[in-house]
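A.B. asks: sharing a model that was predicted from the sequence below.
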2 protein chains.
Amino acid sequence: MNDEIVDVPSGVAATRPTPLPGDPVLRRLSLNQRTTANWTAEEAIEGAARVGLRSVGLWRDPIAETGLDTVRHLLVEHDMRVSSICRGGFFTARDSAAFARALAYNRAAIDEVEALEAGCLVLVPGGLPDGDRDITAARRRVVDAIGELAPYAAERGVVLAIEPMHPLFAADRGVVSTLAQALDMAEGFDPSVVGVVVDTFHLWWEPDIISQIARASGRVASYQICDWITPFPSDALLSRGMMGDGHIDFAAITAAIAATGYPGDVEVEIFNADVWAAPGDHVIATMARRYAELVAPYLEDQ
Amino acid sequence: MNDEIVDVPSGVAATRPTPLPGDPVLRRLSLNQRTTANWTAEEAIEGAARVGLRSVGLWRDPIAETGLDTVRHLLVEHDMRVSSICRGGFFTARDSAAFARALAYNRAAIDEVEALEAGCLVLVPGGLPDGDRDITAARRRVVDAIGELAPYAAERGVVLAIEPMHPLFAADRGVVSTLAQALDMAEGFDPSVVGVVVDTFHLWWEPDIISQIARASGRVASYQICDWITPFPSDALLSRGMMGDGHIDFAAITAAIAATGYPGDVEVEIFNADVWAAPGDHVIATMARRYAELVAPYLEDQ
C-alpha cells in the first residue's frame, strides 16, 4: 500500500509518499469511521492501526453493532484513542415527550463517551420540526437541551461539542449555522463541559472564520476536516471531498486552530460515494498523504 | 385560470382564490422571468400583464434575444416596471485582463438598467478562480470592482445591488455569504448607488437576519422570495421552492423588510425543474395566491 501513490478518489498524483507507521506526522491524525463507511467499528480500528494512526472517531450505531465492550478491548489492544463519538443532539423537538426522549438518548450517548474515554460527544443540533418555520425558537431549544445535559456530562467528565453545520442543513439537520452562533451558545457554559466542533466543510465560507476560531480558544473540542468540492454532488449528504480536491484553504484554518493551542486530534470525516466505493486501506493511505501535505505542516508541533 | 385552485408545483390546496387583475394585493408583486424559464422576455411581460402584475424582473440574455428596444416598447405597452435586471457581477477574477473584461460587461449591464429604468442591477459576486483557495482575497476584489463601477452607475442613476448568496454557492458563484457581509461591503458607498438584495432562499438561515435587515434600512434594493425545500433537490441550482412549500418564515422576514420602509417590488424568483415544467400561466397564478396569503399581509401598506 505504501508504494501506491495514486490518490483516492481524485487520481491526483501525490507529491509525497504515504507516511509509514511510526512517522510522527501521523501522531494527531484520526480516522472518522464514516470515511470508510463500509467498515465496522472493529475494521475501522484495525484499519487505522495498520496505517499507524493512534486515533479514530466512532459512531454510535457501529459501536452498538460491534458491542461496547469489544470496542473497548480493541482500543486497548491497538493503543488507540477515540477522538470523538458521533452523535448526540437532535434535540429541537417542540413537544415535551419528544424533547424528553432526545435528552434520554443523549444521556446514553454521554455514558458511552465516558466508557470509551472519547474526546467529546459531537452534538448535531437537529433541524426544524415538521411544519415548523420558527428557526429562532428551535435554536433556543438547542441551548435549553444543552442546559439540561451539561450537569450530567460534567459529572462524567464528558465534553459536549456543539457542531455548527453548513446552512445547507439548517432546515433538516442542524439549526446552528455558524461558529459565531455556536460560540454564543457555548459561552453560557463551562468550557470544560461545552465546546464546539470546527469542521472545515461546514465553516470554511464563514466571513470571519479566522477570528471566530481565535475566539473559540479553549472551546475547540474537535477539529474535523474534509474539502468542499464542485460541482456540488447530487446527494447533499454525500457532498464532501478529500482534502486537496476542493476549495478549502487548510493552511489558514489549521494555523488558526493551532494558534488557539488546541492539543487534540485532527479527524478526517468524508461522506462521499466515490470514497466509500474505494478500498478502505487506499482511502486511509490517501487521507494520510493529503493530511501530511496540506494540514500537518500548519499544526504548531509538527 | 382564476378558478383553478390547485397549486403548482405542490398540489397543496390554496386557501384563497387567485387575486384578479386590479386587486390591490398585486400592486408590488413582480415576476422574475426565471420563474417561468421557458418564456421569452416578451412572453414573461405579457404573461405577467395577463394576471394583473405591474412588474417583472428580467435577465440579460433573454433581453438580448427579444431585443432591448422591443422590450422597452412592450414595457410601455403593458405599463410594466422592471424591478431588477439580473445580472452583473462575476468580478472575482484574479488576473487583470479578466477583471477588466468583467468590468466592461458590468458597464454594459448598467447601460441596460438605465435604458429600461430598472430598479437595480443584481450583482452576483462570482466564486473562486480556478485553483484559488483564498476566499478573503476574492471578497476584497468584489469591493474593488464595485468601487470601479460605482461612479459609472451613479452618473446613470443606476443602483448596484450586492446579492449575498447561500454559502452553498460560495466556491463557484458568490463569495458574499451573508447579509451582514454584503452590508459591510455596501456601507463604504452611497446608499443611492450601492444597495443589497435580500433573497429569502439565500439568507433565511442567517443567525441575526432580522437585525441585519433592520441594519439594511435604506439599502434594500431588491426583495426576492422563494422557499427552501427539503429533501434538498439533486441539482443545487434548481433547489428553490414555491413560497409555502418549504421552511421559510415569510411573515417574519417580510415584516422586517417592511419595517425598513422598503418601497419596492417583491420579486418571485424560483429555479425549480417542476415549476419550469408547469404551464407559465399556472405558475404565475399559484405564485400570486401564495404571495397574497403568505407575504402581502406583512407588507405595511397592504
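C.D. replies: Sure thing, it's come through.
A.B. asks: can you classify the residue nearest the centre of chain A by secondary structure?
C.D. replies: With distances taken as Cα atoms, centre = their mean, A:Q224 lies nearest the centre of chain A, 4.5 Å away. Under DSSP: H, G, I helix; E, B strand; the rest coil, A:Q224 falls in the strand class.
A.B. asks: residue contacts, it?
C.D. replies: Contacts were defined as Cβ atoms under 8 Å, 6 or more residues apart in numbering or on different chains; by that measure A:Q224 touches A:N32, A:G57, A:S84, A:V197, A:V198, A:D199, A:T200, A:F201, A:V266, A:E267, A:V268, A:E269. Glycine gets a C-beta too; all of them are placed from N, C-alpha and C.
A.B. asks: hmm, try it at 6 Å
C.D. replies: A:Q224 makes contact with A:D199, A:E267, A:E269, according to Cβ atoms under 6 Å, 6 or more residues apart in numbering or on different chains.
A.B. asks: same question, A:V71
C.D. replies: By Cβ under 6 Å, 6+ apart, A:V71 lies in contact with A:A41, A:I63.
A.B. asks: from A:Q224, how far off is it?
C.D. replies: Counting by Cβ to Cβ, to the nearest Å, the gap from A:V71 to A:Q224 is 20 Å.
A.B. asks: what of A:L121?
C.D. replies: 14 Å.
A.B. asks: then A:V196?
C.D. replies: Distance from A:V196 to A:Q224, counting by Cβ to Cβ: 11 Å.
A.B. asks: same check, this time on A:F232
C.D. replies: Distance, A:F232 to A:Q224, by Cβ to Cβ: 20 Å.
A.B. asks: kindly report the same for A:A108.
C.D. replies: From A:A108 to A:Q224 the distance is 23 Å (Cβ to Cβ).
A.B. asks: hang on, the earlier thing: strands - which of the contacts of A:Q224 land there?
C.D. replies: Members of the contacts of A:Q224 lying in strands (criterion: DSSP state E): A:D199, A:E267.
A.B. asks: which one of the contacts of A:Q224 is nearest to A:S192?
C.D. replies: Using Cβ to Cβ, A:E267 is the member of the contacts of A:Q224 that lies nearest A:S192, at 20.2 Å.
A.B. asks: now the closest residue to A:M165 other than its chain neighbours, what are its backbone angles?
C.D. replies: The shortest distance from A:M165 to any non-neighbouring residue, by Cβ to Cβ, 6 or more residues apart in numbering or on different chains, is to A:G174 (3.1 Å). Backbone torsions for A:G174, taken as degrees, to the nearest 10, come to phi -150, psi 110.
A.B. asks: now the strands for chain A?
C.D. replies: A:29-32, A:55-59, A:81-89, A:121-124, A:160-162, A:194-199, A:220-225, A:227-228, A:240-241, A:266-268.
A.B. asks: parallel or antiparallel, which strands does the fourth one pair with?
C.D. replies: Just to be clear, that refers to strand A:121-124. Strand A:121-124 pairs in its sheet with strand A:81-89 (parallel), strand A:160-162 (parallel), by DSSP bridges.
A.B. asks: go through those strands and pick out the most buried.
C.D. replies: strand A:160-162 (a mean of 29; mean count of other Cβ atoms under 10 Å in any protein chain shown).
A.B. asks: could you give me the average pLDDT of that strand?
C.D. replies: For strand A:160-162, mean pLDDT rounds to 98.
A.B. asks: what parts of the stretch 201-302 of chain A come near chain B?
C.D. replies: Within the stretch 201-302 of chain A, the positions adjacent to chain B are A:W205, A:P207, A:W228, A:T230, A:F232, A:S234, A:A236, A:H247, A:D249 by Cβ under 6 Å from any Cβ of the partner chain.
A.B. asks: from A:P164, how far off is the residue nearest to A:C86 when sequence neighbours are not counted?
C.D. replies: Nearest non-adjacent residue to A:C86, counting by Cβ to Cβ, 6+ apart: A:V122, 4.4 Å away. Distance, A:V122 to A:P164, using Cβ to Cβ: 11 Å.
A.B. asks: cool, A:S96 as well?
C.D. replies: Per Cβ to Cβ, A:S96 is found 26 Å from A:P164.
A.B. asks: so those two - more neighbours on which side?
C.D. replies: Set side by side, A:S96 and A:P164 show more neighbours around A:P164, with 26 against 8, by other Cβ atoms under 10 Å in any protein chain shown.
A.B. asks: in the stretch 101-250 of chain A, which spans are helices?
C.D. replies: A:135-155, A:179-186, A:200-203, A:209-215, A:250-259 (DSSP state H, counting those that start in this stretch).
A.B. asks: can you list the weak-confidence ranges in chain A?
C.D. replies: Residues of chain A meeting the criterion pLDDT under 70: A:1-6, A:8-15, A:301-302.
A.B. asks: end-to-end on stretch A:120-140?
C.D. replies: Distance across stretch A:120-140, first residue to last, is 22 Å (Cα to Cα, to the nearest Å).
A.B. asks: around chain B, pick out the residues from the stretch 1-150 of chain A.
C.D. replies: A:L128, A:R133.
A.B. asks: what about the helices of the stretch 101-250 of chain A, which gets the closest to B:V51?
C.D. replies: B:V51 lies closest, by Cβ to Cβ, to one member of those: helix A:135-155, at 31.8 Å.
A.B. asks: mind listing what's buried in the closest one?
C.D. replies: Judged by neighbour count (16 or more other Cβ atoms under 10 Å in any protein chain shown), helix A:135-155 contains these buried residues: A:135, A:138-139, A:141-143, A:145-146, A:148-150, A:152-154.
A.B. asks: can you say which two of those residues are spatially most distant?
C.D. replies: A:I135 and A:A154, at 28.6 Å, using Cβ to Cβ across the buried residues of helix A:135-155.
A.B. asks: returning to what we had before: any chance of the residues of the stretch 201-302 of chain A next to chain B in JSON lines, plus neighbour count?
C.D. replies: Formatted as JSON lines, those follow (neighbours: other Cβ atoms under 10 Å in any protein chain shown):
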{"residue": "A:W205", "neighbour count": "24"}
{"residue": "A:P207", "neighbour count": "23"}
{"residue": "A:W228", "neighbour count": "24"}
{"residue": "A:T230", "neighbour count": "17"}
{"residue": "A:F232", "neighbour count": "20"}
{"residue": "A:S234", "neighbour count": "13"}
{"residue": "A:A236", "neighbour count": "21"}
{"residue": "A:H247", "neighbour count": "21"}
{"residue": "A:D249", "neighbour count": "19"}
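A.B. asks: from the residues you listed, pick the one nearest B:E117.
C.D. replies: Distances from B:E117 to those, taken as Cβ to Cβ, are shortest for A:P207 (33.8 Å).
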